[in-house]
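Q: Build me a model from this:
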Amino acid sequence: MFNHVLCVYPYRRELNHSGFCPPLGLEFIAAVLNPHARTLDLVDLRKESGSTKDFFRPETDMVCFSINWDRDPESLDKEILSVPPGIFTLLGGRYATENPDHWLTTYPNVTAVVRGDGEEATEEICRGMPLEKIAGLSYRKNGQIFHNPNRKVGPIRDDLFPIRRLRRHAYEVTLDGIDTGLSIDTVAASRGCPFNCTFCSFNRNPWGEKRPWSARSPESVVEELAGIESNVVGFTDDLFTHDMDRVGQICELILARGIRKKYIINARLEIAQRPDILRKMERAGFTMLLLGIESAQDKTLRAMRKGFDTAQIRKHFKVLRRSRMFLHGYFILGNIGENMEEMLYISTFARELGLDTLGLSTLRFNPYSGLDELIAQNPGYYIAPDGNVYSDHCSKHELKQLRRRILREFHTAGRLFHLMHKGLQNGALCFLPALLPRLPAIVWRVGHRVVKKTKRREHRQIHRMK
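A: Numbers count the residues shown, from 1 in each chain. Next up, the predicted model:
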């Protein structure tokens, strides 16, 4: 039994400007620790002015850090090194998993690193199992570093919910740093993905093994939804809609229990083959589908092993655009073998499909994704130190300009009116009253940013003329 356990999300900045992502993975670990700790605190440093050491107690005997991203190295150093010797210091998360040697060598106060899913290994630590017998654990003992065999990935648990009561602050959607007043939460209803797209590494664990798709029961998912206070829930699943019969069961249980929320999910285009389930989803409150399309070119879709071509995409969207749900499409810029004209076609293609909103990212290399093999076969492409992929014919600056142009061409004033009309249909505009008091500040902030960008552009043009 630990006297006081402190769980820390050590980052200071959001991954994006939305501001609504609670540290769900760390809350699962806290749920495992809870029966084995007399007192337990969870601290999200994105929400705090203080640091880790400010939350220590005299009786603190365990500190857990969630290390998921390769950013803010100075801040991470400070937070991890602030833990005094003698306290069991445990690191976990995707980034920690990729190189456990680094964390154990660089930080002499770190006791162990959990590789991969941390729930089972953390529970075994709490039960007092010797460290050398815990699969998936790297640890220090007598000045030496040891790496136990990998833990076999098991099915996701039905009986483990994240501990939301430990949250010290609310999580709200923000627009350009301004709170909208719209609270949002997240749920993990499944893990893994059965597909093998070449650009994606999230269907594999950080040492390259295929992550099988594993899902919680519909009853477990809906039980968690019933206990969530927020009216908007985003599912963190890589692919929520792999089993459409299960999706239908979740919808039926939501309707039977009278749970009234709005849901955002990741989906594949094949859900168009089940219009009966799409209608159930609309009735149950599903409001937005996040769809990975990735390219408007057949040659790229084949190379990616997406499992569909542009003709099939168009066929699926004949069904999907009749839905009241918002359709958000993801595309990748800088795909291997695509020229500027082919990438510019994304905005036209997206309008033809009937997408409501558009998301663009640049091609990025992740270990074990297979993308390095494609790059090796295509001279003129290279992987930058930050993992982004660039080419001789399309630089980082050109990709940035291209992204802005495509988004500007797609997100027109007419698109905004279309979104408002659809929001009336699916009930999303029911949140407008909460947003109205903050609307002047949001408009001012966005307008101020536009003016600043315009002035910078004018300054660059004057500088070129000189």
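
Q: So what does the closest residue to Arg415 other than its chain neighbours look like in phi/psi?
A: Leaving aside its sequence neighbours, Arg415 sits nearest to Asp356 (Cβ to Cβ, 6 or more residues apart in numbering; 7.6 Å). C-beta: built from backbone N, CA, C; applies to glycine. When read as degrees, to the nearest 10, the backbone of Asp356 gives phi -90, psi -40.

Q: before we move on, what about Ile184?
A: Note on Ile184: its backbone torsions stand at phi -150, psi 150 [degrees, to the nearest 10].

Q: Number the residues from 46 up from this point.
A: Fine by me, first position is 46 from now on; the one you just mentioned is Ile229.

Q: Is it correct that it is in contact with Val277?
A: Yes: between Ile229 and Val277 there is a contact at 4.4 Å, judged by Cβ atoms under 8 Å.

Q: which neighbours do these two share?
A: Residues touching both Ile229 and Val277 (Cβ atoms under 8 Å, 6 or more residues apart in numbering) are Val218.

Q: Next up, the contacts around the residue nearest to Arg460.
A: Contact analysis of Asp401 by Cβ under 8 Å, 6+ apart lists Phe371, Leu372, His373, Arg460, His463, Leu464, Lys467.

Q: try 6 Å this time
A: Applying Cβ atoms under 6 Å, 6 or more residues apart in numbering, we find Asp401 in contact with Phe371, Leu372, Leu464.

Q: and of those, the nearest to Cys238?
A: Leu372 (20.2 Å; Cβ to Cβ).

Q: ok, Met326 to Arg450 distance?
A: Separation of Met326 from Arg450 (Cβ to Cβ, to the nearest Å) stands at 34 Å.

Q: which one of those two has more residues nearby?
A: Met326 (27 against 13; other Cβ atoms under 10 Å).

Q: Excluding covalently adjacent residues, which one is nearest to the more buried one?
A: Nearest to Met326 is Cys296, by Cβ to Cβ, 6+ apart, at 5.7 Å.

Q: May I have the phi/psi pair for Tyr140?
A: Backbone torsions for Tyr140, taken as degrees, to the nearest 10, come to phi -70, psi -40.

Q: do you know how far it is from Ile132?
A: Relative to Ile132, and taking Cβ to Cβ, Tyr140 is found at 22 Å.

Q: Thr171 and Pro80 touch, don't they?
A: Quick fix: residue 171 reads Cys, not Thr. No: Cys171 is not in contact with Pro80 according to Cβ atoms under 6 Å; the separation is 7.8 Å.

Q: so who does Thr156 touch?
A: So Thr156 contacts Phe133, Thr134 (Cβ under 6 Å, 6+ apart).

Q: On the pLDDT front, check it for me.
A: If you check Thr156, the pLDDT there is 96.

Q: and if you look at Ile487?
A: The per-residue pLDDT reported for Ile487 equals 48.

Q: returning to what we had before: tabulate the contacts of Asp401 (a markdown table), appending distance to Glu386.
A: Below are the contacts of Asp401 laid out as a markdown table (distance: Cβ to Cβ, whole Å):
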| residue | distance to Glu386 |
| --- | --- |
| Phe371 | 29 |
| Leu372 | 25 |
| Leu464 | 28 |
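
Q: Show me which of those are buried.
A: Neighbour counting over the contacts of Asp401 (16 or more other Cβ atoms under 10 Å) leaves Phe371, Leu372, Leu464 as the buried ones.

Q: Sort out which of the residues you listed are in strands and list them.
A: Applying DSSP state E to the buried ones among the contacts of Asp401, the entries found in strands are Phe371, Leu372.

Q: Nearest to Val128 among the buried ones among the contacts of Asp401?
A: Phe371 (43.7 Å).

Q: Phi and psi next, for the closest residue to that closest one other than its chain neighbours.
A: In this structure, Phe371 finds its nearest non-sequential neighbour in Met333, 4.2 Å apart by Cβ to Cβ, 6+ apart. Backbone torsions for Met333, taken as degrees, to the nearest 10, come to phi -140, psi 130.

Q: Next: Ala458.
A: When read as degrees, to the nearest 10, the backbone of Ala458 gives phi -60, psi -40.

Q: so what's Asn311 up against?
A: Contacts of Asn311 (Cβ under 6 Å, 6+ apart): Leu284, Phe285, Leu335.

Q: Point me to the helix or strand that includes Leu227.
A: If you go by DSSP states H and E, Leu227 is part of strand 223-232.

Q: One more: Phe191?
A: Assigned by DSSP H and E, Phe191 falls within strand 189-192.

Q: Give me the contact list for that strand.
A: So strand 189-192 is in contact with Leu149, Ser183, Tyr184, going by Cβ under 6 Å, 6+ apart.

Q: what about the first one, neighbour count?
A: Which is Leu149. Leu149 has 21 neighbours, counted by other Cβ under 10 Å.
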